Structure formats: C-alpha cells, structure tokens
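> prediction below, plus the sequence it came from.
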Amino acid sequence: MDIVSVAKARYSTKAFDGSKKLTAEQAANLKTLLRYSPSSTNSQPWHFIVASTDEGKARVAKSAAGGYVFNERKMLDASHVVVFCAKTAIDDAWLEKVVDQEDADGRFATPEAKAANHKGRTFFADLHRKERHDDAQWAANQTYLNVGNFLLAMGAMGLDAVPIEGFDAEILDAEFGLKEKGYTSLVVVPVGHHSVEDFNKALPKSRLPEETVITEI
C-alpha cells in the first residue's frame with residue numbers, strides 16, 4: 001500500500017450514496033481501527049458511538065439542527081456514522097482500568113513493571129489534572145489523534161469519510177446520555193461511498209506549499 005497516495009487522494013466527502021453499504025468485514029475493521037489508534041501514554045480517553053442502522057443514524061442526525069442542518073444528509077445517507085467522544089475527566093479508576101487491561105494483555109513481565117508503567121502514566125495524568133487543570137482538553141487532544149488516524153485509514157480501505165464539527169454537541173450528548181457517563185461528543189464522521197452528486201470529488205486537492213508549512217533544519 002502506498003500511504004502517500006492515499007493521503008493525497010482522500011478528501012472530505014460532501015454527499016454519500018445511501019444505497020452503498022460497508023461490507024461486514026469493512027464494518028469490523030472500522031471498529032478495530034478505532035480501538036488501535038495511538039494516544040498519549042496509551043491513555044485511550046475516548047468512547048465511540050457507531051451508527052449503522054437508519055434508526056441509529058437518525059438519532060445522531062438530531063444534532064444537525066438549526067444552523068447545522070446542511071450536515072443532516074451526510075449523517076443519514078452514509079453507511080456508518082461514528083461519533084468520537086472524549087472523557088471529560090481522567091479519574092484514577094480509568095487509569096487503573098487501562099493498566100489492568102495492559103496486564104491482562106501480557107505487557108508486563110513482573111508486578112514491578114506494571115507498577116512502574118502505572119506510575120509513569122499517572123505522572124502525566126496528574127500534570128494535566130492537578131497542575132494544568134486541563135485533563136478534559138488533554139483527552140480531547142488524544143481523541144483528535146484518533147480522528148486523523150481514522151480518516152487516513154478509511155482512505156486506505158477505499159472508503160469515503162468526512163469529519164464534522166458542525167453539529168449541536170449538547171443535543172448529541174443528551175441523546176446518548178454522554179455527560180452522565182463522563183464523556184462529551186467532539187466529532188461526527190460519516191463513512192461510506194460518495195454520491196455522484198458529490199461536487200468535492202472532482203475538485204483538485206489544495207494545500208499550502210511545502211515552504212510555508214515545513215521548516216527543515
């Protein structure tokens with residue numbers, strides 16, 4: 001696979017073909033890719049809502065209200081819609097959950113190795129929780145890493161996708177009870193196959209020149 005060609009070819013899809021669905025294998029891979037994204041200290045401070053039924057997509061599309069109505073069809077016509085949610089706080093219980101899962105997956109040769117790993121992750125969590133008081137933003141940053149990883153991965157799978165911040169997060173959080181669960185919605189990503197009506201498919205890709213965005217030393 002030529003990942004550079006994938007990066008240059010993928011784009012933000014503006015219209016989806018509602019008759020074209022992901023295969024069962026593609027849908028399974030989509031969920032695997034969400035789980036295997038990198039995050040700072042492997043903290044994984046996220047949750048994902050994956051809507052593939054008409055009912056599920058309609059629930060997500062409730063958030064495309066008012067000034068965001070232009071995004072409704074993308075959510076309804078895509079094969080799958082992923083809601084990227086970030087934790088609103090990093091608590092000790094979450095850190096224990098992560099290190100216990102790592103232990104169960106065989107990452108530690110000794111109890112001392114597990115303790116050292118947990119101490120290191122807690123150090124960074126405390127930096128944001130107790131010193132900078134921005135652990136919610138830290139969690140959001142890790143979730144955005146996942147979004148970028150996911151978009152490139154969808155392109156590599158030959159699928160179309162678009163990241164959407166144009167939605168009412170309060171409506172979406174309330175629809176799925178996210179705040180009560182310790183999360184908030186950040187980005188909605190419809191995934192599927194573009195429609196022939198997608199004007200953006202035919203447009204040339206545009207990026208700032210290399211000398212503007214890269215300093216090589």
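Arrived safely, thanks for sending. Not measured: the values here are computed from a predicted model.
> pick out the residue closest to the middle of the chain.
Nearest to the mean C-alpha position of the chain, counting by CA atoms, centre = their mean, stands V147 at 3.6 Å.
> could you look up the SS state of the closest residue in space to it that isn't next to it in sequence?
The shortest distance from V147 to any non-neighbouring residue, by CB to CB, 6 or more residues apart in numbering, is to V187 (5.3 Å). From N, CA and C alone the C-beta is placed, and that goes for glycine too. Under DSSP: H, G, I helix; E, B strand; the rest coil, V187 falls in the strand class.
> thought V187 was touching P163?
Yes. When contacts are counted by CB atoms under 8 Å, V187 is listed as touching P163 (5.4 Å).
> of these two, who's got more company?
Neighbours per residue (other CB atoms under 10 Å) separate V187 from P163, with V187 holding more: 21 against 18.
> check contacts around the more buried one.
By CB atoms under 8 Å, 6 or more residues apart in numbering, the contact list for V187 reads 83-84, 143-144, 147, 163-165.
> and with 7 Å instead?
Neighbouring residues of V187 by CB atoms under 7 Å, 6 or more residues apart in numbering: 84, 147, 163-165.
> circling back to that earlier point, look up phi and psi at the residue nearest to the centre of the chain.
phi -60, psi -50 (degrees, to the nearest 10).
> just to revisit the earlier point, closest one of the contacts of V187 to K31?
F84 (13.0 Å; CB to CB).
> one step back: so the residue nearest to the centre of the chain touches E165, yeah?
No. Using CB atoms under 7 Å, V147 is not in contact with E165, being 10.0 Å away.
> all strands of this protein, in order?
Ranges of strands within the chain are 46-51, 80-87, 160-161, 183-192, based on DSSP state E.
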